[in-house]
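Engineer: Just to be clear, the model below is a prediction. Sequence and coordinates:
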Amino acid sequence: MAGRPRYFQIGFHRCGTTSLWRFFERNGIPTVHFDKGNLARRMRDNIEAGGP
């Protein structure tokens, strides 16, 4: 994904995060939406391991 911008959206319930997720999905942009905390755990693990 080098060269492509990355977007990171955190939002409260009922604040448009699902609409943004649908927009990105429909336009071929890979997304993660409400992954039951798995994304946050992967990010933490990568940071602790010195990864991206």
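Structural biologist: Yes, it's here.
Engineer: next one: phi and psi at residue 25?
Structural biologist: Here is the backbone geometry of residue 25 (degrees, to the nearest 10): phi -60, psi -50.
Engineer: Actually, residue 46.
Structural biologist: Recorded main-chain torsions at residue 46 are phi -60, psi -40, according to degrees, to the nearest 10.
Engineer: what's the answer for residue 16, then?
Structural biologist: Torsion angles at residue 16 (phi, psi; degrees, to the nearest 10) stand at phi 90, psi 0.
Engineer: which residue is nearest the middle of this protein?
Structural biologist: Centroid check for the chain by CA atoms, centre = their mean gives residue 32 as the closest residue, at 4.6 Å.
Engineer: Which residue comes closest to that residue once chain neighbours are left out?
Structural biologist: Once its chain neighbours are removed from consideration, residue 32 has its nearest residue in residue 39; the separation is 5.0 Å (CB to CB, 6 or more residues apart in numbering). Bear in mind the C-beta positions are built from the backbone N, C-alpha and C, glycine included.
Engineer: Quick one: neighbours of that neighbour, just the number.
Structural biologist: Using other CB atoms under 10 Å, the number of residues around residue 39 comes to 13.
Engineer: what's the strand or helix carrying residue 44 in contact with?
Structural biologist: Secondary-structure assignment from DSSP states H and E places residue 44 in helix 38-48. Helix 38-48 is touched from outside by 32, 52, with contacts defined as CB atoms under 8 Å, 6 or more residues apart in numbering.
Engineer: list the buried ones in that helix?
Structural biologist: Residues of helix 38-48 include none that count as buried (16 or more other CB atoms under 10 Å).
Engineer: Could you report the pLDDT at residue 50?
Structural biologist: Here the pLDDT value assigned to residue 50 is 96.
Engineer: no, scratch that, I was asking about residue 17
Structural biologist: Here, the pLDDT recorded for residue 17 equals 87.
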